[in-house]
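Student: Need coordinates for the following:
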Amino acid sequence: MKQHIYHVQTRWTGNLGEGTSAYRSYSRNYNIHVKGKPVLEGTSDPAFLGDPEKYNPEEMFIAAISACHMLWYLHLCTDNSITVISYEDTAEGVMELEKDGSGRFISAVLKPRIVIKEKDKMSTAESLHMDVNRLCFIANSCNFKISHEPEIHYVDDD
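Tutor: Okay, here's the model as predicted:
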């Protein structure tokens with residue numbers, strides 16, 4: 001079996017001078033470094049004292065599900081001679097918190113809005129979302145339901 005290995009460095013940048021001496025004494029900010037790529041600034045969700053101007057892990061997690069789905073979908077459209085003109089997803093994830101502060105995602109809904117060129121391939125374009133769910137690396141790593149509410153349109157070149 002072929003493996004791909006990914007290297008990511010996460011560095012906390014939130015020491016405000018007192019370290020983690022108290023819950024409110026430090027910032028939740030951090031940087032994500034991947035060699036040769038721009039730094040991504042992250043934080044915790046604002047509900048957990050994060051900076052609302054930066055990305056939080058929960059947003060990045062749902063973004064990863066959405067992006068992986070999109071990339072597989074575009075690939076399968078190519079394989080099926082479907083020309084995608086535009087693709088935009090408004091993804092939503094639901095996380096549930098326990099009394100002890102732990103939590104987990106319990107669902108995600110992808111709502112891609114897709115424009116294709118071929119009117120006669122609308123049903124194939126819609127059915128490909130189920131194939132994507134089987135192939136997507138990120139979706140296959142999740143232990144909760146990921147559903148899809150695609151909206152597909154076509155461009156009339158006439």
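
Student: Provide the backbone phi and psi angles at Ser127.
Tutor: Main-chain dihedrals, Ser127, degrees, to the nearest 10: phi -70, psi -20.

Student: need the contact list for it.
Tutor: Not one residue lies near Ser127 by CB atoms under 8 Å, 6 or more residues apart in numbering. Backbone N, C-alpha and C define where each C-beta goes, glycine included.

Student: For it, give me the pLDDT.
Tutor: Predicted confidence (pLDDT) at Ser127: the value is 95.

Student: Now do the same contact list for the nearest residue to Gly19 once chain neighbours are set aside.
Tutor: Take Gly19 and drop its neighbours on the chain: the residue closest to it by CB to CB, 6 or more residues apart in numbering is Tyr26, 6.5 Å away. By CB under 8 Å, 6+ apart, Tyr26 lies in contact with 14-16, 18-20.

Student: gap between Ser25 and Glu151?
Tutor: Computed as CB to CB, to the nearest Å, the Ser25 to Glu151 distance reads 47 Å.
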